[in-house]
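# got a predicted model here, sequence first, then my questions.
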Amino acid sequence: MRIFKKLFIFFLVFLAIKDLSLGLSLLFKLEWLLNLAKLGYTADVKVVASFFGVCVLIVSTLCLLAISWTIRNKEEGIYLGKFIGWWMVIASVVVYFKIDRLDFSIVDFISGVLILIPGYLQKREA
């Protein structure tokens, strides 16, 4: 495997694990996560966190699908991975401007950029 393909898969694995743990925490350990972020707990937060937790688990599943396709040399894996990378960058910018918390958005922004760079450089290497 070429170096950019390995980096692409590595960063997708990192995002899949991060989103899997975040999604499960949102669904099953919400109080702990809110205390860690120094946020308050209400019933409304629980509803929103439940939907967001499921969405994050879907992104984690899409990362696994992109990894599988990329390992099997399917072009769809690269396209899906780049889509996920762009989604992470755009979502992080929206989160930053909506809630004005850089610490909540910077990890997703960096994850997205780290997926996009090897994603776009793979074709040049092939």
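Perfect, thanks for sending it.
# please name the residues that touch L102.
L102 sits next to Y96 when contact means Cβ atoms under 8 Å, 6 or more residues apart in numbering. Any C-beta I mention is one placed from the backbone N, CA and C, and that applies to glycine too.
# which SSE is the spatially most central residue of the chain in?
Centroid check for the chain by Cα atoms, centre = their mean gives L15 as the closest residue, at 4.7 Å. Element membership for L15, per DSSP states H and E: helix 3-28.
# tell me the mean pLDDT over that helix?
For helix 3-28, the mean pLDDT works out to 94.
# number the chain from 29, please
Yep, numbering from 29; the last one is helix 31-56 now.
# by contact count, what packs against that helix?
On a contact count with 3 or more Cβ pairs under 8 Å, 6 or more residues apart in numbering; DSSP states H and E, helix 31-56 meets helix 58-64, helix 71-99, helix 103-127, helix 130-153.
# mind giving me the packing neighbours of the worst-scoring helix or strand of the chain on mean pLDDT?
Sorting the helices and strands of the chain by mean pLDDT, DSSP states H and E puts helix 58-64 at the bottom, at a mean of 84. Here helix 58-64 touches helix 31-56, helix 71-99, going by 3+ Cβ pairs under 8 Å, 6+ apart.
# now, of those, which is deepest in the fold?
Ranked by mean neighbour count, the helices and strands packed on helix 58-64 are led by helix 31-56 with a mean of 18 (mean count of other Cβ atoms under 10 Å).
# quick check, pLDDT for R152.
In this model, R152 carries a pLDDT of 56.
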